[in-house]
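1. need the 3D shape of this:
(one chain, ligands or ions: 1)
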Amino acid sequence: MRLLCLKENEIGETRVALIPAEVKKLIQLGLAVSVESGAGAAAGLADAVYAAAGASVGGDRAGLLREAEVVLKVRPLMVGEIGVLKKGVLSVSFLDPFRQQELTRAFAASGALAVSLEMIPRSTLAQKMDALSSQASLAGYAAVILAAAKLDRIFPMMMTPAGTLTAAKVLIVGVGVAGLQAIATARRLGARVTAFDTRPVVEEQVKSLGAKFLKIDLGETGQTAQGYAKELSPEQIELQKKGMARACADSDVVITTAQVFGRPAPRIINKEMLAGMRAGSLVLDLAVATGGNVEGSSADGEVVTDGGARVLGCPNLPATVPFHASQMLSSNLLAFITHFWDKEAGRLRTDAEDEILRGCLLTKDGAIVHPALRQS
Ligand code: NAD
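-> Numbering: from 1, shown residues only. A predicted model of the protein is given here:
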């Protein structure tokens, strides 16, 4: 069975789906591995290292796609490329399935098995395959490092003969995987951190990291069985905005990571709140790619408000640390392939009834098979 790791072609995507150390492990399992020339270059992984690990490295993308039985990629294949695939190919990548429906239809039409990394269940069994978490934790870290580099002041308190410098105040909105890592990183740098989430269960986690939990009484909120936030009602959104305005005005840095699974990101920070922030303060919107938590944030760079606050849309922070982001993603993908690999038969068991596959398989045998996507 031939597995292919393709080079990413989106601007700014520096990650690669497979690293050389795991090429070896896939070959030991019994797969043949092809890698498109240059696939790892932006992550510091040269073709020669892939070749030394046993991969066959080639530059003919269309030819490689035609021969592959498993295709690994970070971002989705382009619709035009899906038509080239052999029938029954397993394609594994992020697919953004609730927004990229044309892509899902193209996979179905080609007869491919399309697996969306976003849809892998958040279960103990699938923990090693959880690419959303691995990339989110790096995004949380990278957001704080970026903020610390861009802020007009330092993060820690410093008592010096030239005076006492107060610690920066950082507000984290959305305490999932990215938010928790952002809190931990900002605390390590000495900032005073406050955090807010609509799920009350995270209060203890916030406090255990040495941060303050911002209490806003929204009434009944809760979370889904998978641990995701439920969408707020319009009244709850208004209550949240009031509480958040004060916290924003009191912060040097605001980092937003709030998402609601399968829905556009909630709009939490509006223009009035931004106007209340001091000149030079920073807002980083990590949800910009799914609609944004911050009014006016742009995936294309920095926007400065009339009052001088700076808003940065951060669509792909894991790509700023491509070596480790690729290492983690590759490990998630290896765990996925290993789980389904039948060593005796030398093939993947994608026909079996499997809890993980039921969660993340979008298309099979020419049809869209995922219930949530069939509905939408
Ligand atoms: P996410 O990316 O879906 O959302 C980020 C955070 O935003 C969440 O904490 C969410 O509650 C919050 N949020 C949503 N709307 C908000 C609003 N209006 N205001 C403020 N915050 C808001 O979350 P995630 O990082 O993918 O994690 C989701 C959950 O899954 C967490 O409970 C996490 O612990 C859990 N999880 C479980 C496993 C596992 O069991 N294997 C693995 C990873 C994550």
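2. how about the backbone phi and psi for the residue of the chain found nearest the ligand?
-> Among the residues of the chain, Gly176 lies closest to the ligand, at 2.2 Å counting by C-beta to the nearest ligand atom. All C-beta atoms are positioned from the backbone trio N, CA, C, and that covers glycine. Per-residue torsions, Gly176: phi -90, psi -150 (degrees, to the nearest 10).
3. same question for Ser34.
-> The phi/psi pair for Ser34 (degrees, to the nearest 10) reads phi -110, psi 150.
4. does it really touch Leu3, like I thought?
-> Yes - applying C-beta atoms under 8 Å, one finds Ser34 in contact with Leu3, separated by 7.2 Å.
5. what's the overlap in contacts for the two?
-> Common contacts of Ser34 and Leu3, defined by C-beta atoms under 8 Å, 6 or more residues apart in numbering, comprise Ala68.
6. more neighbours, the two?
-> Shown here are Ser34 and Leu3; by other C-beta atoms under 10 Å, Leu3 has more neighbours (25 against 22).
7. tell me who's in contact with the more buried one.
-> So Leu3 contacts Leu26, Leu31, Ala32, Val33, Ser34, Ala68, Glu69, Val70, Val71, Leu72, Ile337 (C-beta under 8 Å, 6+ apart).
8. how would you label it: helix, strand or coil?
-> At Leu3 the chain is in strand, as set by DSSP: H, G, I helix; E, B strand; the rest coil.
9. ok, now how distant is it from Leu282?
-> Noted for Leu3: a distance of 42 Å to Leu282, by C-beta to C-beta, to the nearest Å.
10. how about Asp252?
-> Asp252 sits 7 Å away from Leu282, going by C-beta to C-beta.
11. next, count neighbours for Ser93.
-> Ser93 has 23 neighbours, counted by other C-beta under 10 Å.
12. that one pairs with what?
-> With DSSP bridges applied, Ser93 shows beta-bridge pairing to Ser116.
13. pLDDT score for it?
-> pLDDT, Ser93: 98.
14. need the contact list for it.
-> Applying C-beta under 8 Å, 6+ apart, we find Ser93 in contact with Ala17, Val71, Leu72, Lys73, Val74, Arg75, Pro76, Leu77, Val115, Ser116, Leu117.
15. contacts only, for the second one.
-> So that's Val71. Counted by C-beta under 8 Å, 6+ apart, Val71 has contacts Leu3, Leu4, Leu6, Leu65, Leu77, Leu85, Val89, Leu90, Ser91, Val92, Ser93.
16. now with 7 Å?
-> Counting by C-beta atoms under 7 Å, 6 or more residues apart in numbering, Val71 touches Leu4, Leu6, Leu65, Leu77, Val89, Ser91.
17. what about the last one, is that helix, strand or coil?
-> The three-state label given to Ser91 by three-state DSSP is strand.
18. is it true that it touches Arg75?
-> No - Ser91 lies out of contact with Arg75 (C-beta atoms under 7 Å); the separation is 11.6 Å.
19. neighbour count for these two, which is higher?
-> Neighbour totals were compared for Ser91 and Arg75, and Ser91 leads with 27 against 17 (other C-beta under 10 Å).
20. which one is the more buried one nearest to, not counting chain neighbours?
-> Closest residue to Ser91 apart from its sequence neighbours, by C-beta to C-beta, 6 or more residues apart in numbering: Val71 at 4.6 Å.
21. ok, now Pro156?
-> The shortest distance from Pro156 to any non-neighbouring residue, by C-beta to C-beta, 6+ apart, is to Gly190 (2.6 Å).
22. name the helix or strand for the one you found, please.
-> Assigned by DSSP states H and E, Gly190 falls within no helix or strand.
23. now swap in the one 4 residues further on and tell me
-> Counting by DSSP H and E, the element that carries Thr194 is strand 192-196.
24. and that strand, which strands flank it?
-> Strand pairing (DSSP bridges) places strand 192-196 next to strand 169-173 (parallel), strand 212-213 (parallel).
25. am I right that the residue of the chain closest to the ligand is in contact with Val260?
-> No - counting by C-beta under 7 Å, Gly176 stays clear of Val260, with 10.7 Å between them.
26. show me which of these two is the more surrounded one.
-> Gly176 (21 against 18).
27. which residues does that one contact?
-> Contacts of Gly176 by C-beta under 7 Å, 6+ apart are Ala136, Thr257.
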